[in-house]
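Engineer: Just a sequence and a predicted model for now, questions to come.
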Amino acid sequence: MSSHTSGSLSSHLWESSDLYKNAVMQLNEAATTMRLDRNIAERLKVPKRALIVSVPIRLDDGNIKVFEGYRVQHNMTLGPGKGGIRFHPEVNLSEVAGLAMLMTFKCSLVGLPLGGAKGGIRVDPRQLSRQEAQALTRRYTTEINMIIGPDKDIPAPDVGTDGQHMAWMMDTFSQERGFAIPGVVTGKPIEIGGSLGRNESTGRGVVYCVVHAAKHLASLGKPTPKIDQTTTVAVHGFGKVGAVAAMEIYQLGTKVVAVSDYLGGIYNKNGLNIPKVTEYFNENRTLVGYPEAEPITNDDLLALPVDVLMPCAIDGVITKENVSRVKAKIISEGANGPITNEAIHDLESRGVFIIPDVLANAGGVIVSYFEWVQGLQNFFWSEAQVNEKLAEVMASAFKKVVDVQQQYNCGMKTAALIAGVDRLNKAMLLRGLFP
Ligand code: GLU
């Protein structure tokens, strides 16, 4: 079979989702810019291993429903697989594979001894009762049992899952082995071996990057927001990442003028009181109807003339269709893949400073790594220690990306990928090809 034929077979299998296509496009740009060994580039375009599982559960009404689940391990050259589990009605194999690829670059970029993986179930978690969610999580864990484990592949929360899902996964995996194995997942509740600061880590990292970006731009003599009361901010998504990012940047004294959830957003040109907004959100499970603000659509939020925009909800929200409306000066990608490749080019050509997802949202997996290490040693750190180490790793990753960006005179997105791929490339060449 010619290499051309096998190449198109792989594409056919993986490339149905925009997320995967975007990840490959970004990899191609990085590979061309850094003149990456062609064999390495080709290898990285397809995952190492993927498992598709059927997950049957009995619904509360007595009927049985079968859901489709996935776990994809993209690359495990640097260590065990690492990456979240997504519960979303549109999840599919290709999207999970694309997200696993991003995890590979993210873990490599921030220097973790971990590879990239991702999992998911095609389900709307909002339609599940607690009992159904538990049954689904436990049966899924059993189905992927053979490829996960503390030294194989370590899941974590992602869109639609949280610490409770991780607790059920940890319990299921442990019950099947006969003893407690906390290291099989991260993002666990503190009571069963979670790490202090893990819940806040992704949002914190997103904001650390904004602070680094402002300092970096100022050092280049560019007109730049100072991250004070004159700085305006909009946050898209008010979940595990967005709500924390909004609070962290609010606490730095900036004016957070708009936030949103999947139902819509709220806007106040004088700045929102984020602690009050959070209280309202926690009571009502939505921001809609918050009294001290005007309603705003998600699309209009993305187009606000703010200094800082943090898209923290989901992929593909800034595309070639709406990118011309985006006016922010700094964009920190809290979600994975919120800006499509075409839109990134448009923004970067207009001088918008983009902090790419693999850097901006790496705080989550960094503290996941700390949680895994603490669990393996049975020795736990204070939240101050966790935050200090997180800040250190984020600062050096930010510097690494900016250095690469200057070295190649490329965009930040390409620079982040080059920085990630470079370390991996060296490791892959050293390990060689078996057999
Ligand atoms: N789901 C998060 C991410 O996309 C965290 C993954 C992890 O902690 O393993 O980076």
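Structural biologist: Okay, I see it. Numbering: from 1, shown residues only.

Engineer: contacts, neighbours, all on C-alpha from now
Structural biologist: Noted.

Engineer: Can you name the residues of the stretch 151-300 of the chain that neighbour the ligand?
Structural biologist: Applying Cα under 6 Å from any ligand atom, we find that the stretch 151-300 of the chain lies next to the ligand at 155-158.

Engineer: Any of the residues you listed buried? List them.
Structural biologist: Among those, those scoring as buried are 155-158 (criterion: 16 or more other Cα atoms under 10 Å).

Engineer: Now render these as TSV, adding pLDDT and distance to H216.
Structural biologist: Rendered in TSV, the data for those read as follows (pLDDT from 0 to 100; distance: Cα to Cα, whole Å):
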residue	pLDDT	distance to H216
P155	98	34
A156	98	32
P157	98	31
D158	98	30
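
Engineer: got the contact list for stretch 32-42?
Structural biologist: Applying Cα atoms under 8 Å, 6 or more residues apart in numbering, the contact partners of stretch 32-42 are 27-28, 30-31, 408, 410, 418, 425, 428.

Engineer: The same query, at a cut-off of 7 Å, please.
Structural biologist: Counting by Cα atoms under 7 Å, 6 or more residues apart in numbering, stretch 32-42 makes contact with 31, 418, 425, all of which sit outside it.

Engineer: What about these, which are in helices?
Structural biologist: Using DSSP state H to define helices, the subset of those located there is 31, 418, 425.

Engineer: Can you report the mean pLDDT over the residues of the helix or strand hosting G98?
Structural biologist: For G98, the host element (DSSP states H and E) is helix 93-109. For helix 93-109, the mean pLDDT works out to 98.

Engineer: packing partners for that helix?
Structural biologist: Identification of packing neighbours for helix 93-109 by 3 or more Cα pairs under 7 Å, 6 or more residues apart in numbering; DSSP states H and E yields helix 18-34, strand 64-75, strand 116-122, helix 357-360, helix 412-431.

Engineer: Run the angle between that helix and helix 412-431 for me.
Structural biologist: In terms of direction (axes from the mean of the first three to the mean of the last three Cα atoms, to 10 degrees), helix 93-109 departs from helix 412-431 by 80 degrees.

Engineer: So what's the gap between helix 93-109 and the chain middle?
Structural biologist: The offset between the C-alpha centroid of helix 93-109 and the centroid of the whole chain comes to 9 Å, using Cα atoms, centre = their mean, to the nearest Å.

Engineer: and it, C-alpha only, in PDB?
Structural biologist: What follows is the C-alpha trace of helix 93-109 in PDB, where atoms were taken according to Å, rounded to 0.1, in the frame of the first residue of the first chain:
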ATOM      1  CA  LEU A  93     -14.500  10.100  17.900                       C
ATOM      2  CA  SER A  94     -12.800  12.800  15.700                       C
ATOM      3  CA  GLU A  95     -13.400  15.600  18.200                       C
ATOM      4  CA  VAL A  96     -12.000  13.500  21.100                       C
ATOM      5  CA  ALA A  97      -9.000  12.600  18.900                       C
ATOM      6  CA  GLY A  98      -8.400  16.300  18.200                       C
ATOM      7  CA  LEU A  99      -8.700  17.200  21.900                       C
ATOM      8  CA  ALA A 100      -6.300  14.400  22.700                       C
ATOM      9  CA  MET A 101      -3.800  15.800  20.200                       C
ATOM     10  CA  LEU A 102      -4.100  19.200  21.900                       C
ATOM     11  CA  MET A 103      -3.400  17.500  25.300                       C
ATOM     12  CA  THR A 104      -0.200  16.000  23.800                       C
ATOM     13  CA  PHE A 105       1.100  19.500  22.800                       C
ATOM     14  CA  LYS A 106      -0.100  21.100  26.100                       C
ATOM     15  CA  CYS A 107       1.600  18.500  28.400                       C
ATOM     16  CA  SER A 108       4.800  18.700  26.400                       C
ATOM     17  CA  LEU A 109       4.800  22.500  26.200                       C
END
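
Engineer: Between strand 116-122 and that helix, find me the angle.
Structural biologist: With the same axes, to 10 degrees defining the directions, helix 93-109 sits at 150 degrees from strand 116-122.

Engineer: got a list of contacts for helix 93-109?
Structural biologist: Residues outside helix 93-109 that contact it (Cα under 7 Å, 6+ apart): 14-17, 19-20, 23, 47, 70, 72-75, 83, 114-120, 358-359, 362, 397, 417, 419-421, 423-424.
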